[in-house]
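[1] Sharing a sequence plus its predicted fold:
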2 protein chains.
Amino acid sequence: MAIIVQKYGGTSVADAERIRNVARRIIRGYEQANQMVVVVSAMGNTTDDLLALARQITPAPDPRELDMLLSTGELVSCTLMAMALRSQGYDAISLSGSQAGIVTDATHGKARIASLDPSRIHQELDSDRIVIVAGFQGVTGEMDVTTLGRGGSDTTAVALAAALKASRCEIYTDVEGIFTADPRVVPGARKLDEIGYEEMLELASYGAKMHPRSIELGAVYNVPILVASSMSEATGTLIHGGASMEVRNKVRGVAYDRDVAKITVRGVPDRPGIAAHLFQPLADAGVSVDTIVQNASMERLTDLTFTVARRDVRQALEVVKPVASSIGATGVVSDDKLGKVSIVGTGMQNAPGYAARMFRTLHEAGINIEMITTSEIRITCIVAEERLQDAVRALHRAFELDQL
Amino acid sequence: MAIIVQKYGGTSVADAERIRNVARRIIRGYEQANQMVVVVSAMGNTTDDLLALARQITPAPDPRELDMLLSTGELVSCTLMAMALRSQGYDAISLSGSQAGIVTDATHGKARIASLDPSRIHQELDSDRIVIVAGFQGVTGEMDVTTLGRGGSDTTAVALAAALKASRCEIYTDVEGIFTADPRVVPGARKLDEIGYEEMLELASYGAKMHPRSIELGAVYNVPILVASSMSEATGTLIHGGASMEVRNKVRGVAYDRDVAKITVRGVPDRPGIAAHLFQPLADAGVSVDTIVQNASMERLTDLTFTVARRDVRQALEVVKPVASSIGATGVVSDDKLGKVSIVGTGMQNAPGYAARMFRTLHEAGINIEMITTSEIRITCIVAEERLQDAVRALHRAFELDQL
């Protein structure tokens, strides 16, 4: 019998009615002679509600305490799901992250899975039970509850699929799969039937809905991941690393992110070690730096620009300004009205025309490019936020993503 | 340094404001050079809300799943309490029942504590931390979450006090202590400064607010238990087994219970084994029988009467009627408009006048006695529910409980 791991997001289990609907989908999988392991997120806005509750007590809740608090959301939804299955006459059992054998490091709030002992799950499956696992959580070696960060239930599901050698991991959400662009921005956006891990990773990092760590994990353990809607019967998008990936030669999708601010340190003396001087204190302050651009200069003075999430701008400036003056930079400026737009596709890898076509498209649309970064399968431009939607639409059209 | 265990009920932690108030009380204890271990119940109506959520899914939730669901209520309140203490600058840590070392049997919904390993708590106390423990819950040897039944947080607190050899267990609630009678019924009811375990056990079983199992546990391990209000500074009632208990010679309080129904099986042949015939099927059906009265008769026919909670009357009748006719009884009748009133006090033990005075008092008030039962320190009369309040007041007056 094949093991299938399914994951249902918070919207899919937002109330009793939807929980019963999801139970019916699980039963369908079980009746097709599969062993079912199902990961659920917290119901609807539960996690936000619990966060708000903590903030009523203190503006800066202790990370360990917050993790134990937030973990209750998934305990509630997974017990209700087990009850729903039992009320339909199917034997089911809920397991907390700890009971499911998910051991993490002690980085509260964004813990990483250190090991996964699936023996309890195997034991329950062998007793012909449907196993419901609380997503998003694990436990340290000292039995302290941890959470895996926002979207961590995806990671739970893929990690379980890897540890259980499941034939597939199915991520059910409120969209029908992975699209060539955000359908709310580009009406002609098309659902992809399949996509490679690396491509999905770039799309997920840059706005499409899926937790990047779960895709990395899928790639490492080669777990096929189906992303589909819990509300419809549409086929969804299969993320895999199979052979059909190789033959394509196209941009696969356009991603965007509104949450971009840039900070420029002007007139930096171009000496070895300057970057470390600047970025180590930022890392120490917990500020996550995204894109970094530095141009070598003739006069041994250079501008160094980097982007951060908007909420981090103030803190980043507080850290950077004293460092900048200590290294003799001439000034620090920031702009938090930016966004980034990316084209993604393994097909671009050895084909030089894509970048040029992207820049030309944006130019023709009258959109100024502030910064450019590239990875092997992605080209990203930072642009003014007010032109971000136009940029996404123009690129979707230019790369013919609305056509099969 | 002395260890003090405190327990705060759901009303005391119903919102952020009250949680902060309780945090201040805990800090006061800590500042008086005590090691503090604090047990909290779920906030306000959380447990009822979670139950209602489960019932939206299924009318008969699986007990194991229900336990995991309900246990989240206490996890929420204990993490919030730890956050509140930390935000005041005091190091605190929340522990689930499992983390606190509370191992129970697997009787979901009313598990009994099998063992308690306090090593993690000692470790946290040794690090100068205030320890907040989720009440009402434990974990089986197989790591399945259990709950101890309604009011189980009292049991958690007393069990911890016993295991930690605490100098005292303080139960904070929304009343100022144990009264000679329910103050809502008897305006002249007086708060007791102290009371014995056995007396408290009878009062708790018969209406006063405290979980009977926690008092049993306190008696077995000789843990002094202070019951006091979390909202005021009044001294409360100390439940203990000390020497001052011995010298009293009085009724200590009047208890009552409205939730009484009686079932009478008429004309039962007075043969050995008849009682077992009748009560075994009731036990099998999960109906809890309280008082049983049977009068030996001259003609080898007798009436057998017993009481059950009102919600169980219909089920009890369904079970009893076929059995009654199979053993040749002449009929079965029931009355669910009853209540019971008790006088309680170790002082009554060797003093015969109390029962007579109780019956005379009720007679003079024109209240008919339907059934009588006694224990060593309690005399209980079953009366019509509509006369219950009058009975409580008359007895409170007759035994001079309003006077010091």
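    Received it, and whenever you're ready, just let me know what you need. Computed from a prediction, not measured in an experiment: that's the story for all the values here.

[2] tell me the mean pLDDT for the longest strand along chain A?
    Secondary structure of chain A per DSSP state E: the longest strand is strand A:253-269. Averaging pLDDT along strand A:253-269 gives 89.

[3] What is it packed up against?
    Helices and strands in packing contact with strand A:253-269 are listed as helix A:197-205, strand A:301-308, helix A:313-326, strand A:331-344, helix A:388-398; criterion 3 or more Cβ pairs under 8 Å, 6 or more residues apart in numbering or on different chains; DSSP states H and E. No exception for glycine: its C-beta is placed from N, CA and C like everyone else's.

[4] Ok, which of these comes nearest chain B?
    Nearest to chain B among those is helix A:313-326 (20.6 Å), distances taken as Cβ to the nearest Cβ.

[5] Could you tell me which residues within stretch A:256-263 count as buried?
    By neighbour count on 16 or more other Cβ atoms under 10 Å in any protein chain shown, the buried set for stretch A:256-263 is A:256-257, A:259-263.

[6] actually stretch A:334-343, sorry about that
    Buried residues in stretch A:334-343, defined by neighbour count with 16+ other Cβ under 10 Å: A:335-336, A:338-343.

[7] Likewise for stretch A:113-129?
    Under the neighbour-count criterion of 16+ other Cβ under 10 Å, stretch A:113-129 has A:113, A:116, A:118, A:120-122, A:124-125, A:129 buried.

[8] Now render those as CSV, adding secondary structure.
    Converted to CSV, the buried residues of stretch A:113-129 look like this (DSSP: H, G, I helix; E, B strand; the rest coil):
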residue, secondary structure
A:113, strand
A:116, strand
A:118, coil
A:120, helix
A:121, helix
A:122, helix
A:124, helix
A:125, helix
A:129, coil
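
[9] which one among the residues you listed gets closest to chain B?
    Nearest member of the buried residues of stretch A:113-129 to chain B, counting by Cβ to the nearest Cβ, is residue A:120, at 8.0 Å.

[10] Could I get the contacting residues of the closest one?
    By Cβ atoms under 8 Å, 6 or more residues apart in numbering or on different chains, the contact set of residue A:120 is A:95, A:99-101.

[11] Report how many residues lie close to the closest residue to residue A:177 other than its chain neighbours.
    Nearest non-adjacent residue to residue A:177, counting by Cβ to Cβ, 6 or more residues apart in numbering or on different chains: residue A:237, 3.5 Å away. Residues near residue A:237, counting by other Cβ atoms under 10 Å in any protein chain shown, number 24.

[12] Surely residue A:237 and residue A:192 touch.
    Yes. Here residue A:237 lies in contact with residue A:192, judged by Cβ atoms under 8 Å, at a distance of 5.0 Å.

[13] what do those two both touch?
    A:177-178.

[14] Am I right that residue A:2 is in contact with residue A:170?
    No. Counting by Cβ under 8 Å, residue A:2 does not reach residue A:170; the two are 12.0 Å apart.

[15] Quick check: residue A:18 is in a strand.
    No. Under three-state DSSP, residue A:18 sits outside any strand and is assigned helix.

[16] can you give me phi and psi for the residue in the stretch 101-250 of chain A positioned nearest to chain B?
    Using Cβ to the nearest Cβ, the closest approach of the stretch 101-250 of chain A to chain B is made by residue A:143 at 5.6 Å. Reported as degrees, to the nearest 10, the phi and psi values for residue A:143 are phi 70, psi 20.

[17] Can you get me a residue count around it?
    Neighbour tally, residue A:143, other Cβ under 10 Å: 14.

[18] Report the contact partners of it.
    Going by Cβ under 8 Å, 6+ apart, residue A:143 touches A:98, B:98-99.

[19] any idea of the pLDDT on it?
    Predicted confidence (pLDDT) at residue A:143: the value is 95.

[20] and if you look at residue A:189?
    Looking at residue A:189, its pLDDT stands at 89.

[21] thought it was touching residue A:396?
    Yes. Using Cβ under 8 Å, residue A:189 makes contact with residue A:396 at a distance of 6.7 Å.

[22] Looking at the two, which is more packed in?
    The neighbour comparison of residue A:189 against residue A:396 (other Cβ under 10 Å) goes to residue A:396, with 26 against 20.

[23] contacting residues for that one?
    Counting by Cβ under 8 Å, 6+ apart, residue A:396 makes contact with A:180-181, A:186, A:188-189, A:254, A:402.

[24] ok, which residues in chain A are in contact with chain B?
    Residues of chain A found near chain B (Cβ under 8 Å from any Cβ of the partner chain) are A:15-16, A:19-20, A:50, A:53-54, A:56-58, A:60-62, A:64-66, A:68-69, A:71-72, A:75-76, A:78-80, A:82-84, A:86-87, A:93-94, A:96, A:98-99, A:143-145.

[25] that older thread, neighbour-wise, give me the winner out of the contacts of residue A:396.
    In terms of neighbours by other Cβ under 10 Å, the contacts of residue A:396 top out with residue A:254 at 32 neighbours.

[26] now, which of the contacts of residue A:143 sits nearest residue B:379?
    Using Cβ to Cβ, residue B:98 is the member of the contacts of residue A:143 that lies nearest residue B:379, at 43.1 Å.

[27] To what extent is the nearest residue to the closest one once chain neighbours are set aside buried, counted in neighbours?
    Once flanking residues are discounted, residue B:98 sits nearest to residue B:139: 3.9 Å by Cβ to Cβ, 6+ apart. Using other Cβ under 10 Å, residue B:139 is surrounded by 23 other residues.

[28] quick one, phi/psi of residue B:139?
    Geometry field for residue B:139 lists phi and psi as phi -150, psi 140, criterion degrees, to the nearest 10.

[29] Over to the one 5 residues further on?
    Recorded main-chain torsions at residue B:144 are phi -90, psi 140, according to degrees, to the nearest 10.

[30] Isn't it up against residue B:105?
    No. Using Cβ under 8 Å, residue B:144 is not in contact with residue B:105; the gap is 10.9 Å.

[31] can you give me the strands in the stretch 51-200 of chain A?
    Counting by DSSP state E, counting those that start in this stretch, the segments of the stretch 51-200 of chain A that form strands are A:92-95, A:102-104, A:113-116, A:130-134, A:137-139, A:145-147, A:168-173, A:194-196.

[32] Kindly state which of these is positioned closest to residue B:43.
    That would be strand A:145-147 among the strands of the stretch 51-200 of chain A, by Cβ to Cβ, at 18.9 Å.

[33] Does anything pack onto the closest one? Which helices or strands?
    Contact here means 3+ Cβ pairs under 8 Å, 6+ apart; on that basis strand A:145-147 packs against helix A:63-87, strand A:137-139.

[34] quick one: which of the ones you listed is nearest residue A:9?
    Checking the helices and strands packed on strand A:145-147 against residue A:9 by Cβ to Cβ gives helix A:63-87 as the closest, at 10.3 Å.

[35] now whatever helix or strand comes next after the longest strand of chain A, how far from the centre of its chain.
    Per DSSP states H and E, the first helix or strand lying C-terminal to strand A:253-269 is helix A:274-284. The chain centre lies 26 Å from the centre of helix A:274-284; the measure is Cα atoms, centre = their mean, to the nearest Å.
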